[in-house]
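**Student:** next input, structure requested:
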Amino acid sequence: LVAADRGGTSDPFVEIRVHGACGDDKKKTSVVEKTLDPDWNECLTFEIEDLPGEVVLDVYDYDRLSRNDCLGRASLNLETLGLDRAWEGWVELQKIDPDDELEEVSGSIRFKVQKRKKVPPNELVVFVEEARGLVAADRGGTSDPFAQVQIEGGAGIFKKKTRVIDQTLNPNWDEAFLFLVQDLPGFLTIDIYDYDKFGSNDFLGRARMQVENFTVGDTVQDWYQLKGKNNENTKAVTGDVKLKIMRRPATEPCELILKLIGARDLLAADRGGTSDPFAQITLSGPAGKAKKKSKTISKTLNPQWNEVFIFELYDLPGEICVAIFDYDRLGSNDFLGQAKIDVLKVQKDSVSDNWYKLEPREGKKEGAKGEVQLRLFRRKKREFETWVVMELCEAREVLAADRDGTSDPYAVIELGAAQEKSQAKQNTRNPVWNEAFSLKLDQDDPELVVNTMTVSLYDYNKIEKHSFLGKVEVDLVKIAEDEEPFEEWIELGGKSELGRVTGEVRLKIRLDRRSLGKEPGAPTTKSVSVALLEAKGLVAADRGGTSDPFVQVNITGQKMQKTKVIKKTLDPQWNETKSFVLAPSKADPDARLEGKILSCEVFDFDLIGGNDFLGQVSFPLSNLNVQEVFDQWLPLKPREGKEKKDKVTGSIHVQVVITEGEEAE
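**Tutor:** Below is the predicted model of the structure:
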């Protein structure tokens, strides 16, 4: 290769890209320092489609402080390579940028390419147990060793670290790390370092071995001699490291559900004799660390959180640490104590509900007091979650809360901790909502599975307290047992300060299982095109016996749109099309039509003062079929609760088309 550095050498690495119909994918090799004849011996895998493409290898000289220098490019057309066939050879390097006159290129690169069917990875579990006889890197004749575990293979380079053990030459880590590896050549490297707070960490030794030496189903436990960085014996490195290495078929992780219930008798960290406690929860295991944090409860020594946290967990050693802190707006948070739990002691499909004593952190002089209450549960990872999809249709003969003998009813829908609220309908005892709600069924707390949904009606009051009009409770277990969607009038119950509760409410309910791994995409996106063509026989709102009509068109949850104003006519022609996109959301990943109401309101435009209402039409989109054209003249109607006030005549001609997937986009 070309010498790019002053010493007459280079620090080469290779950037490999695969171009093709499946897109571009890019990976890098490691850097080989100070050489013009590097040996990498690394294997990288790329997922491709069986379509024309090209593999491109760009060689660079690594520079820490400036731009990497180009050393040359080689490529191979994948179309010439058959399935399960390999190509291997030397390819002369060419310029990466043919127009760059300053780019110098020499040498060639040897690589091997093989196309094969995709094979599932397996797991390599590395237990870093202990080391002995390490070099003393610090003045006191000891070191602060930690281990870095690195896998180089088909999927790239992955690194993980153990904790630091202070002031010892014989550290005991007992930590496990999990890697997914391909059935391809690769290397497992264990590097031991002495940790330095200031300056770079000191290298203490390396153990390096080929991944293919470990076959699936085998477990190997042994001491491995530490050597230099280039796998050479050197007097600067002493000692060995004990490893337990297990290779096994890939396993599905399970879920650890931790409910942080509360704590008691905590330390008082603030002047008022209280604290503002929050919890930091850390899962340490072979797959790495995962951290989550609770909310802060102000001014208490006995906080109640009742929060649920979910961690991905493998059937391997690990630890849950729940650390309690006092929150300080200014300055660092005060440590109040911690509890540690061995995850292997949490039984599958069995709930443990215990108080755990809070202890100080290891090696630190600090106080700790009190206990924390945790509920722990381990289960198989769920593939689906259950949502309750409810359409609040209407109610009739509800209590009259206002002086005029009507109410302004709205509904509050509750399912466990989830809550939704409908719109308030003015001046009526027979409200019509036609609103849809999606609430996730809480299945994360095994001791608190909610099987009942509550719908409570209230009278809206701008000034005074809202009056309770009644409620219904729906047993979701019965709905789950019935294959047909639930739709019924249900009598309102409960006690109201207004008197005996009266009336009924009509609900539509179904349970919807949704895949947790499903990502919203084009196939679930829907587009609604509303063509507002014309109207006839409208009310004359202006003195001249005409109107200046326009239409406001809206779909539940969408932004309202307007047509242009047609002046001085009772038979306007707009010929305008308005489009609405129903995109997937977290609560509704399939962008369902249920509960979506299309409404068209006709108004007379007034430059000064409010616009005059001329009539409306509305209907559920679920009544329409996708891809079919709805084309009708619809009679205009007055607003609900204003039948006596609104003067409405005439009809409107609309066309509606619903498309989905790529056509919607």
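**Student:** okay, CA-based contacts and neighbour counts for the rest of this
**Tutor:** Fine.
**Student:** contacting residues around residue 569?
**Tutor:** Residues near residue 569 by C-alpha atoms under 8 Å, 6 or more residues apart in numbering: 546, 547, 548, 549.
**Student:** dihedrals phi and psi, residue 269?
**Tutor:** Residue 269 adopts backbone torsions of phi -100, psi -10, taken as degrees, to the nearest 10.
**Student:** is it true that it touches residue 333?
**Tutor:** No: assessed by C-alpha atoms under 8 Å, residue 269 is found out of contact with residue 333, at 9.6 Å.
**Student:** hey, what's in contact with both of those two?
**Tutor:** The contact lists of residue 269 and residue 333 share residue 326, where a contact means C-alpha under 8 Å, 6+ apart.
**Student:** so the two - more neighbours on which side?
**Tutor:** residue 269 (21 against 16; other C-alpha atoms under 10 Å).
**Student:** hang on, the earlier thing: most neighbours among the contacts of residue 569, which one is it?
**Tutor:** Most crowded among those, counting by other C-alpha under 10 Å, is residue 549 at 31 neighbours.
**Student:** quick check: phi and psi on that one?
**Tutor:** Dihedral angles (degrees, to the nearest 10) for residue 549: phi -80, psi 150.
**Student:** chain neighbours aside, what residue packs nearest to it?
**Tutor:** Nearest non-adjacent residue to residue 549, counting by C-alpha to C-alpha, 6 or more residues apart in numbering: residue 604, 4.5 Å away.
**Student:** what does residue 582 give?
**Tutor:** Nearest to residue 582 is residue 526, by C-alpha to C-alpha, 6+ apart, at 5.0 Å.
**Student:** how close does that neighbour get to residue 623?
**Tutor:** 15 Å (C-alpha to C-alpha, to the nearest Å).
**Student:** just want to know which of the two has more residues nearby.
**Tutor:** residue 526 (25 against 10).
**Student:** do you know the pLDDT at that one?
**Tutor:** If you check residue 526, the pLDDT there is 84.
**Student:** wait, isn't it in contact with residue 659?
**Tutor:** Yes: look at residue 526 against residue 659 with C-alpha under 8 Å: they come within range, at 5.6 Å.
**Student:** which residue of the protein lies farthest from its centroid?
**Tutor:** residue 544 (59.9 Å; C-alpha atoms, centre = their mean).
**Student:** would that one count as being in a helix?
**Tutor:** No: under the criterion used here (DSSP: H, G, I helix; E, B strand; the rest coil), residue 544 is coil, not part of a helix.
**Student:** can you count the residues close to residue 545?
**Tutor:** 11.
**Student:** correction: residue 612
**Tutor:** 18.
**Student:** quick check: it vs residue 605, distance?
**Tutor:** The gap separating residue 612 from residue 605 is 7 Å, by C-alpha to C-alpha.
**Student:** now residue 45
**Tutor:** 66 Å.
**Student:** who has more neighbours, the two?
**Tutor:** Counted by other C-alpha under 10 Å, residue 45 and residue 605 do not tie: residue 605 has more neighbours, with 21 against 16.
**Student:** can you read off the backbone torsions of the more buried one?
**Tutor:** In terms of degrees, to the nearest 10, the main-chain angles of residue 605 are phi -80, psi 130.
**Student:** got the contact list for it?
**Tutor:** Contacts of residue 605 (C-alpha under 8 Å, 6+ apart): 547, 548, 549, 550, 565, 611, 612.
**Student:** show me which pair in these is furthest apart.
**Tutor:** Distance extremes for these: the farthest pair is 565 and 612 at 13.0 Å, using C-alpha to C-alpha.
**Student:** so which bits of stretch 243-259 are buried?
**Tutor:** For stretch 243-259, a neighbour-count test (16 or more other C-alpha atoms under 10 Å) marks 243, 244, 245, 246, 247, 248, 254, 255, 256, 257, 258, 259 as buried.
**Student:** nearest to residue 463 among the residues you listed?
**Tutor:** For the buried residues of stretch 243-259, the nearest to residue 463 is residue 259 (39.6 Å; C-alpha to C-alpha).
**Student:** and for that closest one, nearest residue in space, chain neighbours not counted?
**Tutor:** Closest to residue 259 by C-alpha to C-alpha, 6+ apart is residue 308, at 4.3 Å.
**Student:** cool, and residue 454?
**Tutor:** Using C-alpha to C-alpha, 6+ apart, the closest residue to residue 454 is residue 473 (4.5 Å).
**Student:** cool, and residue 457?
**Tutor:** residue 411 (4.5 Å).
**Student:** so what does the residue nearest to residue 259 have for phi and psi?
**Tutor:** According to degrees, to the nearest 10, residue 308 has phi -110, psi 130.
**Student:** tell me the bridge partners for the closest residue to residue 69 other than its chain neighbours.
**Tutor:** Distances taken as C-alpha to C-alpha, 6+ apart place residue 61 nearest to residue 69, at 5.0 Å, with adjacent residues excluded. Beta-bridge partners for residue 61, by DSSP bridges, are residue 12, residue 69.
**Student:** just the pLDDT for residue 61.
**Tutor:** Per-residue confidence (pLDDT) for residue 61: 94.
**Student:** residue contacts, it?
**Tutor:** 4, 10, 11, 12, 13, 68, 69, 70, 71.
**Student:** equivalent analysis for residue 202, please.
**Tutor:** If you count contacts by C-alpha under 8 Å, 6+ apart, residue 202 has them with 137, 193, 194, 195, 196.
**Student:** neighbour-wise, which of these leads?
**Tutor:** Busiest of the contacts of residue 202 [other C-alpha under 10 Å] is residue 194, holding 27 neighbours.
**Student:** now that residue: how far from residue 70?
**Tutor:** Residue 194 is 35 Å from residue 70, by C-alpha to C-alpha.
**Student:** from the contact counts, what lies against the helix or strand of the chain with the lowest mean pLDDT?
**Tutor:** For the chain, using mean pLDDT, DSSP states H and E, the weakest element among its helices and strands is helix 476-481, scoring a mean of 77. Judged by 3 or more C-alpha pairs under 8 Å, 6 or more residues apart in numbering; DSSP states H and E, the packing partners of helix 476-481 are strand 504-515.
**Student:** using PDB, write down the CA coordinates of the strand it packs on.
**Tutor:** Extracted in PDB, the C-alpha atoms of strand 504-515 (Å, rounded to 0.1, in the frame of the first residue of the first chain):
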ATOM      1  CA  GLU A 504     -79.100   4.600  29.100                       C
ATOM      2  CA  VAL A 505     -75.900   4.800  27.100                       C
ATOM      3  CA  ARG A 506     -75.200   2.900  23.800                       C
ATOM      4  CA  LEU A 507     -71.700   1.500  23.400                       C
ATOM      5  CA  LYS A 508     -69.800  -0.600  20.800                       C
ATOM      6  CA  ILE A 509     -66.800  -2.500  22.100                       C
ATOM      7  CA  ARG A 510     -64.300  -5.000  20.700                       C
ATOM      8  CA  LEU A 511     -61.000  -6.300  21.900                       C
ATOM      9  CA  ASP A 512     -58.100  -5.900  19.400                       C
ATOM     10  CA  ARG A 513     -54.900  -7.900  19.700                       C
ATOM     11  CA  ARG A 514     -52.000  -6.000  18.100                       C
ATOM     12  CA  SER A 515     -48.500  -7.300  17.400                       C
END
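**Student:** give me the low-pLDDT residue ranges for the stretch 501-650 of the chain?
**Tutor:** Low-confidence segments of the stretch 501-650 of the chain (pLDDT under 70): 514-524, 585-590.
**Student:** if you set the cut-off to 50 instead, what comes out?
**Tutor:** 517-523 (pLDDT under 50).
**Student:** ditto for the chain
**Tutor:** Scanning the chain for pLDDT under 50 picks out the ranges 21, 446-448, 517-523, 662-665.
**Student:** how about stretch 176-185: buried residues?
**Tutor:** 176, 177, 178, 179, 180, 181, 182, 185.
**Student:** what's the distance between that stretch and the middle of its chain?
**Tutor:** Centre-to-centre, stretch 176-185 and its host chain are 25 Å apart (C-alpha atoms, centre = their mean, to the nearest Å).
**Student:** since that was my last question, I'll sign off now.
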